[in-house]
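Engineer: Need coordinates for the following:
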Amino acid sequence: MPETEDSTSKTTSGSTRRKLEEADFCEPCSDDVERLVPREYITQLTPPIGTSFFKYQTATLFDNEPFEHVFMDVVTILIQTLTWKVDVYAYVTGAKPDEDFEENGGAVVVVLVHSGWLSYNGRLGESVSRVTAPALLAAQAQLPPSGSGLENGEYWNYTISYQAAMNMFNNMGNDTFTFDAKYKEDFSRKNPQTGVTTLNGVEFGSDLETSGDIPQNYNLAGVSVFRAGTLGAFPAKFSFEASCGYSNEQRLASKTVDVWVDINCAT
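Structural biologist: Have a look, this model is predicted:
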């Protein structure tokens, strides 16, 4: 089971932080590793203190986890090492979470913020992260989306940009206000990153290639957005799958962690 924490309130509604590129996290790394340059990002996903019907959770899905494959039942090959953390923000919006929630046009929005790193040891191949949600939760977006990167020499520059006006409640659920949820992060990586929605969730990843026998390090970054029109969707089991393989052999290593996501119906 992953390490998880949850909270219905936090002390700040927004912040600007500095993050380091993945070269900071692991050794050894090649000379071609993405640059060790601090990057700034803005997160304003936690509503003000006193907001009703909001819940925050965090889970470490994989912590320096090796992904290996046994060839011919003899040789064990390390393909990648992965650290993947997810922060979960669940907002009850548009209507109070009562028996008239659906009739009054209420919706639950779940925002997942992915972070971490991976060290890829294999030859030409891929590393993919998948999130599968129950049928009552529809995937709205995976950011950054495929094709949104800007090529800059040997690197690709990406911007994760999410913003939404949340119709929420405060004063013990008696008053309403609009919360401007916002997340923005700029990052660079050496291989293009894909990001798509699927029939039952989202998927993001990259085609990767090492230089000789030296592992290549990559940051893990992304935002997933889900939406449900019924309170009956919760608690919801989200499945987080990490898989990797070589170009001519699919999914040589795959691991899945389940996380239960709930909402806060208390004022």
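
Engineer: make it CA atoms for all contacts and neighbour counts henceforth
Structural biologist: OK.

Engineer: What sits closest to Phe179 if chain neighbours are left out?
Structural biologist: Met166 (4.9 Å; C-alpha to C-alpha, 6 or more residues apart in numbering).

Engineer: got the CA positions of the strand or helix carrying the one you found in CSV?
Structural biologist: Secondary structure from DSSP states H and E places Met166 in strand 155-170. What follows is strand 155-170 as a C-alpha-only set of coordinates in CSV (Å, rounded to 0.1, in the frame of the first residue of the first chain):
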residue,chain,number,x,y,z
TYR,A,155,15.3,19.7,-25.3
TRP,A,156,11.5,20.1,-25.3
ASN,A,157,9.9,22.8,-23.2
TYR,A,158,6.5,22.2,-21.7
THR,A,159,3.9,24.2,-19.7
ILE,A,160,1.3,22.7,-17.5
SER,A,161,-1.5,25.2,-17.2
TYR,A,162,-4.7,24.5,-15.4
GLN,A,163,-7.3,27.1,-14.3
ALA,A,164,-11.0,26.7,-13.3
ALA,A,165,-13.6,28.8,-11.5
MET,A,166,-15.0,26.6,-8.8
ASN,A,167,-18.5,27.5,-7.4
MET,A,168,-17.9,26.5,-3.7
PHE,A,169,-19.3,27.0,-0.2
ASN,A,170,-18.1,28.5,3.0
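
Engineer: For that strand, name the packing helices and strands.
Structural biologist: strand 75-93, strand 138-143, strand 150-152, strand 175-189 (3 or more C-alpha pairs under 8 Å, 6 or more residues apart in numbering; DSSP states H and E).

Engineer: which of these has the lowest average pLDDT?
Structural biologist: When the helices and strands packed on strand 155-170 are compared by mean pLDDT, strand 150-152 comes last with a mean of 87.

Engineer: Can you pull out the low-pLDDT segments for the stretch 151-267 of the chain?
Structural biologist: 209-213, 247-251 (pLDDT under 70).

Engineer: Same question for the stretch 1-150 of the chain.
Structural biologist: In the stretch 1-150 of the chain (pLDDT under 70), the answer is 1-40, 122-124.

Engineer: now the strands: where do they sit in it?
Structural biologist: 3-7, 15-19, 39-44, 54-71, 75-93, 107-120, 125-132, 138-143, 150-152 (DSSP state E, counting those that start in this stretch).
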